[in-house]
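J.: Quick one, what's the 3D model for this:
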Amino acid sequence: GLERAPEHVGLDLSGHLLGTPAARERDLYCESLVPTKFDCAPLRAILRGRWKYVSSVEPELYDLVDDPGETRNRHDQQPQEAAQLRSRLSRLLEGSVGAARSQAAEADAESLGRIQALGYAGGMVSTSLEPAPGAQDAKDFLPLYERFMQVYPLRSAGREEEALAVCREVLAARPGLLDVLENQGSLLVHLERDEEAIEVYDEYLARAGEQREREATEEGWHPLDLGIGRALVAQGDAHRRLGRRPRALDCYQRAVQADPTSAAPLVAVGDLLAQDLQRYEQAIVSYRIALGVDPASVVARKNLGNCHFALGQLEAAERAYARVVQLAPEDAQAQSDLGSVRLEQGRAGDAVGPLEEACRLEPADVTSHVRLGRALTALERWDEARDTFRAALASDPSSGAAAFGLGLCLLEEGRRQEALAAWEGHA
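T.: From the prediction side, this is the model:
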């Protein structure tokens with residue numbers, strides 16, 4: 001086996017596996033904060049010896065020796081044991097939460113993102129073992145929670161209407177649940193029912209605002225990610241599709257304020273400025289700020305390149321696209337854009353590589369094939385160019401650009417009648 005390190009931190013637990021545990025008992029702590037996302041009390045437990053104590057609205061105590069399946073709650077029969085374990089759990093929680101809070105105050109955006117990615121998001125958690133007023137016991141909410149969990153496989157299967165019906169069913173039983181509202185809103189956006197989505201996000205934002213106010217006014221509470229920035233971006237997207245650009249821009253700007261660690265709202269601002277208003281210089285500023293927040297944002301860098309290309313700033317566009325290809329080599333559009341800008345720079349030889357890769361990644365993409373055909377034509381690689389244009393026409397027989405390129409190749413080969421036929425078919 002591996003040699004033992006000269007110094008290590010931790011305890012030797014091998015005795016528990018070998019049936020000879022150490023004499024000193026250890027407290028084992030476990031928790032689930034998922035219930036807080038549904039207005040339920042968090043589940044926190046402590047194990048010591050044969051006993052397991054679970055803190056919730058209705059406390060539980062189990063004898064793991066006589067009842068390893070945890071089917072008989074002994075809390076009322078063993079009040080002294082329950083009280084001792086509750087006290088130990090309270091002291092343990094106060095120490096761990098206090099340390100976590102001081103660390104969180106110094107945490108950078110990347111660390112917070114990793115925490116949220118682990119699922120610690122969407123609710124508020126008390127540092128006290130006393131349940132919040134009105135909080136439901138997680139056990140009582142379990143049937144409704146299991147019903148809500150059906151939303152995700154339904155969405156994956158493309159059964160959005162059924163998923164939407166489940167969200168409405170859960171909200172009818174428990175109005176205002178943030179996770180459910182967020183799913184309902186995103187489903188409506190996907191179904192292009194933007195007016196309904198806006199109303200749902202209004203309710204979501206009002207509910208999240210109440211939770212934020214609670215944080216400010218009540219002792220012992222600290223928030224997890226409430227998703228306000230995400231909701232504002234989604235609501236802004238809905239306004240934008242309805243042509244309400246000022247309202248969309250207002251949503252995006254509020255999202256930037258709500259979540260300054262996310263690049264998404266800044267990208268959304270840039271997209272509106274560039275794609276809807278053709279205000280490319282202002283969009284470039286927004287994309288650059290987004291990249292300052294998240295240098296690995298492929299969308300921000302790709303759209304930055306598009307703005308530079310639209311302004312004729314080909315070198316800057318080429319740099320942006322090349323960086324996107326480094327970050328996401330399987331992105332066919334980025335490969336195609338990189339080849340296109342090099343073609344515009346007169347660098348047909350340098351354009352062929354990324355364009356061939358784009359065609360490999362997306363064999364049916366007509367634009368990439370036409371661009372590759374143009375590059376091969378510029379290099380006088382007529383046979384390859386002809387086959388490339390034909391591949392484009394196989395995907396889209398109506399492509400005039402592919403037909404024109406094919407005609408040039410045929411004309412170069414002395415096949416004048418075939419060239420004329422290709423052009424006349426798309427005149």
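J.: Show me the shaky parts of the stretch 151-300 of the chain.
T.: The model of the stretch 151-300 of the chain has pLDDT under 70 over residues 214-226.
J.: Contact partners for A328?
T.: Shown in contact with A328 (CB atoms under 8 Å, 6 or more residues apart in numbering): 298, 334. Any C-beta I mention is one placed from the backbone N, CA and C, and that applies to glycine too.
J.: Check whether L171 really touches L177, as I assumed.
T.: Yes - with contact defined as CB atoms under 8 Å, L171 counts as touching L177 (6.6 Å).
J.: So for those two, which sits in the more crowded spot?
T.: More neighbours surround L177 than the other of L171 and L177, with 26 against 18 (other CB atoms under 10 Å).
J.: Could I get the phi/psi values of the more buried one?
T.: For L177, the backbone dihedrals are phi -70, psi 120 (criterion: degrees, to the nearest 10).
J.: L61 now?
T.: Per degrees, to the nearest 10, the backbone of L61 is at phi -140, psi 130.
J.: same deal with the one 4 residues further on?
T.: Comment: the main-chain dihedrals of V65 come out as phi -80, psi -50, following degrees, to the nearest 10.
J.: Count the residues that sit near it.
T.: 9.
J.: Setting the sequence-adjacent residues aside, check what's closest to it.
T.: R50 (4.4 Å; CB to CB, 6 or more residues apart in numbering).
J.: cool, Y280 as well?
T.: Using CB to CB, 6+ apart, the closest residue to Y280 is C307 (4.3 Å).
J.: Q235 now?
T.: That would be Y201: by CB to CB, 6+ apart, it lies 4.0 Å from Q235.
J.: before we move on, what about R168?
T.: That would be Q184: by CB to CB, 6+ apart, it lies 7.2 Å from R168.
J.: by contact count, what packs against the helix or strand that contains the one you found?
T.: For Q184, the host element (DSSP states H and E) is helix 178-190. On a contact count with 3 or more CB pairs under 8 Å, 6 or more residues apart in numbering; DSSP states H and E, helix 178-190 meets helix 151-156, helix 160-173, helix 194-217, helix 228-241.
J.: And the first one, what's buried?
T.: Translated: helix 151-156. By neighbour count on 16 or more other CB atoms under 10 Å, the buried set for helix 151-156 is 151, 154-155.
J.: circling back: wait, what's in contact with the residue nearest to V65?
T.: 63-66 are the contacts of R50 under CB under 8 Å, 6+ apart.
J.: mind redoing it with 10 Å?
T.: When contacts are counted by CB atoms under 10 Å, 6 or more residues apart in numbering, R50 touches 25, 62-68, 81.
J.: next one: A300
T.: Contacts of A300 (CB under 10 Å, 6+ apart): 263-264, 266-267, 270-271, 286-294, 320, 324.
J.: before we move on, could you check phi and psi at it?
T.: phi -60, psi -40.
J.: Name the nearest residue to it, sequence neighbours excluded.
T.: A290 (4.1 Å).
J.: circling back to that earlier point, got any residues that touch both of L171 and L177?
T.: What both L171 and L177 touch, as defined by CB under 10 Å, 6+ apart, is the set 148, 183-184.
J.: need the strands for this protein, in chain order.
T.: 28-32, 43-48, 51-55, 60-63, 124-126, 221-223 (DSSP state E).
J.: just these: most buried one?
T.: Neighbour counts (mean count of other CB atoms under 10 Å) averaged over each of these peak at strand 51-55, with a mean of 22.
J.: For the closest residue in space to Q345 that isn't next to it in sequence, the count of nearby residues, please.
T.: Spatial nearest neighbour of Q345, excluding adjacent residues (CB to CB, 6+ apart): L314 at 5.3 Å. Other residues within reach of L314, judged by other CB under 10 Å, total 16.
J.: And L314, how close does it get to L154?
T.: To L154, L314 is 46 Å away according to CB to CB, to the nearest Å.
J.: repeat for A300
T.: Distance from A300 to L154, by CB to CB: 32 Å.
J.: picking that back up, measure the residue nearest to Q345 to E169 for me?
T.: 55 Å.
J.: Also Q326?
T.: 46 Å.
J.: How about V57?
T.: Distance from V57 to E169, by CB to CB: 24 Å.
J.: The two: who's more crowded?
T.: V57 (17 against 14).
J.: got the contact list for the more buried one?
T.: V57 neighbours (CB under 10 Å, 6+ apart): 35, 40-41, 130-132, 134-140.
J.: Spatially nearest residue to it (excluding sequence neighbours)?
T.: Nearest one to V57, counting by CB to CB, 6+ apart, is D137 at 3.8 Å.
J.: how deep is the one you found tucked in, by neighbour count?
T.: Quick note: D137 (other CB under 10 Å) scores 17 neighbours.
J.: hey, where'd the helices end up in the stretch 201-350 of the chain?
T.: 228-241, 245-258, 264-271, 280-293, 298-310, 314-327, 332-344, 348-361 (DSSP state H, counting those that start in this stretch).
J.: Output the ones you listed in TSV; the columns should cover distance to A394.
T.: Formatted as TSV, the helices of the stretch 201-350 of the chain follow (distance: least, CB to CB, whole Å):
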stretch	distance to A394
helix 228-241	34
helix 245-258	40
helix 264-271	33
helix 280-293	35
helix 298-310	28
helix 314-327	26
helix 332-344	18
helix 348-361	12
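J.: Ignoring the adjacent residues along the chain, who's closest to S395?
T.: Nearest to S395 is A364, by CB to CB, 6+ apart, at 4.6 Å.
J.: swap that for G176, sorry
T.: Nearest one to G176, counting by CB to CB, 6+ apart, is R207 at 4.8 Å.
J.: just G339 next, same as before
T.: Closest to G339 by CB to CB, 6+ apart is L355, at 3.5 Å.
J.: got the contact list for that neighbour?
T.: L355 neighbours (CB under 10 Å, 6+ apart): 335-340, 342-343, 348, 367-376, 388.
J.: Tell me who's in contact with the nearest residue to I289 once chain neighbours are set aside.
T.: Closest residue in space to I289, ignoring its immediate chain neighbours: L266 at 5.3 Å, by CB to CB, 6+ apart. L266 makes contact with 233, 252-253, 255-256, 260, 285-294, 297, 300, according to CB under 10 Å, 6+ apart.
J.: which of these count as buried?
T.: 233, 252-253, 255-256, 286-287, 289-291, 293-294, 297, 300.
J.: Flag the shaky bits of the stretch 301-427 of the chain, pLDDT-wise.
T.: 426-427.
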